[in-house]
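# no sequence for this one, just the structure:
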Ligand SMILES: NC(=O)c1ccc[n+]([C@@H]2O[C@H](COP(=O)([O-])OP(=O)(O)OC[C@H]3O[C@@H](n4cnc5c(N)ncnc54)[C@H](O)[C@@H]3O)[C@@H](O)[C@H]2O)c1
Ligand SMILES: CC(C)(O)[C@@H](O)C(=O)O
Ligand SMILES: [Mg+2]
Ligand SMILES: [Mg+2]
């Protein structure tokens, strides 16, 4: 394991160079990896594993859209695609990629198939960390670990197909066989992770829930709406408000940040933009710090987990979610976005 320096702090990182795909295949050669759940992460991880030469079967409820997707992706009923319970029986290494709420309902089925020496894998610390709410307490005689890709399952697959990868964090919760860590790392490499960052189940879930509610999704969506609305109320056209809020960010400035960092993006903008952005950065930081602290407190206390579990257990959950997403899609902001996207020079 490499010790790398992150801005002065040393951390453990596993690299593809030291933990090769050949080594991963050797560790997994006698395993039947059962990917349980074929939603967003399931397809990405299962297909990457299969393409990397690992023996994989998929477990998914028959009669669902995800089952049909699995068939369309080439999994074969009763050969490599089974009902959840059958896949749990057949698998030696169970990858629990059901939705976090679905994991609660399917837990008894999974638990009874976790016989001595098998392994249980997650891509999130949610179920185990919030066990008082989820009831997910793994049997003591199985290995339990996680590999959490830091991105969508969709990107995990598309980047893999381009010969690139996403990075993931990994953690061992229970080491019953003495081989939990090597199995976690082997799976991490075989699902297509480039580098693997060491963490714990708790740290993974607390940071992940904060990130997606915060800067990655919730905060960015809220801040887009706030700026767009102000520009519109002050008499700007929809295209102007959208271009100055979203399009320039995703198409020009964030790719510069991704390439070389925030300072480099600043250095490639005008002195006028630099002066103003440097002055306003602090105001935005001060205004949002209390909100981020409130968010972290709600994650830590389990309040956010309780909200997710409660919302997902309602029978009309999917309908309500679709209605909320439709409202975003139909808003002037995102309708404008659809129009602006069509005008990108490269899509013409
Ligand atoms: N979505 C992502 O890109 C992403 C990224 C990193 C980590 N994760 C984690 O990976 C795991 C899987 O997430 P996802 O977004 O792929 O899940 P998802 O919401 O797409 O659901 C996966 C599957 O679970 C099945 N399911 C739901 N309830 C069920 C039940 N009661 N019984 C049987 N099947 C049921 C659904 O049919 C669906 O196909 C979660 O722990 C999530 O936090 C997801
Ligand atoms: C892709 C994300 C947001 O990183 C993941 O955490 C999720 O829950 O989907
Ligand atoms: Mg998440
Ligand atoms: Mg995440």
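Happy to help now that I have it. Just so it is clear, the structure is predicted and the values come from calculations on it, not from any experiment. Numbers count the residues shown, from 1 in each chain. Ligands and ions are numbered 1, 2, ... in the order given.
# and residue 231, its phi and psi?
The phi and psi values for residue 231, taken as degrees, to the nearest 10, are phi -60, psi -40.
# ligand 3 versus the residue nearest to residue 130 when sequence neighbours are not counted, what's the distance?
In space, and not counting its chain neighbours, residue 130 is closest to residue 305: 4.3 Å by Cβ to Cβ, 6 or more residues apart in numbering. C-beta: built from backbone N, CA, C; applies to glycine. According to Cβ to the ion, to the nearest Å, residue 305 and ligand 3 sit 12 Å apart.
# residue 244 against residue 231, yeah?
Yes - with contact defined as Cβ atoms under 8 Å, residue 244 reaches residue 231; the gap is 6.6 Å.
# more neighbours, the two?
Neighbours were counted for residue 244 and for residue 231 using other Cβ atoms under 10 Å; residue 231 has more, 18 against 14.
# mind listing the strands for this protein?
Taking DSSP state E as the criterion, the chain carries its strands at 2-6, 9-15, 33-36, 56-59, 81-82, 93-96, 119-122, 143-149, 166-174, 193-198.
# pick the most buried one from the ones you listed.
strand 33-36 (a mean of 28; mean count of other Cβ atoms under 10 Å).
# in its sheet, what does that one sit against?
Its sheet considered, strand 33-36 pairs with strand 56-59 (parallel), strand 93-96 (parallel) by DSSP bridges.
# ok, residues contacting it?
By Cβ atoms under 8 Å, 6 or more residues apart in numbering, the residues outside strand 33-36 that reach it are 42, 45-46, 49, 54-60, 84, 87-88, 90-98, 106, 110, 187.
# mind checking pLDDT for the closest residue to ligand 1 within the stretch 101-250 of the chain?
The minimum distance from the stretch 101-250 of the chain to ligand 1, using Cβ to the nearest ligand atom, falls at residue 102 (2.3 Å). At residue 102, the model reports a pLDDT of 94.
# if I look at the nearest residue to it once chain neighbours are set aside, how far off is residue 302?
Among residues not flanking residue 102 along the chain, residue 37 sits closest, at 6.7 Å (Cβ to Cβ, 6+ apart). Residue 37 is 23 Å from residue 302, where distance means Cβ to Cβ, to the nearest Å.
# what about these two, which has more around it?
residue 37 (26 against 14).
# what sits against that one?
By Cβ under 8 Å, 6+ apart, the neighbours of residue 37 are 59-60, 66, 96-99, 102.
# quick one: the helices in the stretch 201-348 of the chain?
201-213, 218-233, 238-242, 248, 254-260, 262-267, 271-300, 303-312, 317-330, 332-342 (DSSP state H, counting those that start in this stretch).
# would you mind giving those as CSV with distance to ligand 2 and mean pLDDT added?
Listed next are the helices of the stretch 201-348 of the chain as CSV, based on distance: least, Cβ to the nearest ligand atom, whole Å; pLDDT from 0 to 100:
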stretch, distance to ligand 2, mean pLDDT
helix 201-213, 4, 98
helix 218-233, 10, 98
helix 238-242, 23, 98
helix 248, 23, 98
helix 254-260, 16, 97
helix 262-267, 21, 97
helix 271-300, 12, 98
helix 303-312, 10, 97
helix 317-330, 14, 97
helix 332-342, 19, 97
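# of all the ones you listed, which one is nearest residue 163?
Checking the helices of the stretch 201-348 of the chain against residue 163 by Cβ to Cβ gives helix 254-260 as the closest, at 18.0 Å.
# enumerate the positions of that closest one that are buried.
residue 256 (16 or more other Cβ atoms under 10 Å).
# ok, back up a step: would CSV of the contacts of residue 37 with distance to residue 1 be doable?
Shown next, in CSV, are the contacts of residue 37 (distance: Cβ to Cβ, whole Å):
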residue, distance to residue 1
59, 32
60, 35
66, 36
96, 25
97, 26
98, 30
99, 32
102, 33
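# keep only those of those residues that are in helices.
66, 102 (DSSP state H).
# what residues are up against residue 100?
124, 126-127, 134, 308-309, 312 are the contacts of residue 100 under Cβ under 8 Å, 6+ apart.
# repeat that for 6 Å
residue 126 (Cβ atoms under 6 Å, 6 or more residues apart in numbering).
# how far away is it from residue 189?
Distance from residue 100 to residue 189, by Cβ to Cβ: 24 Å.
# and residue 92, what does it touch?
Neighbour list for residue 92: 31-32, 118 [criterion: Cβ under 6 Å, 6+ apart].
# try residue 337
With Cβ under 6 Å, 6+ apart, residue 337 has these contacts: residue 242.
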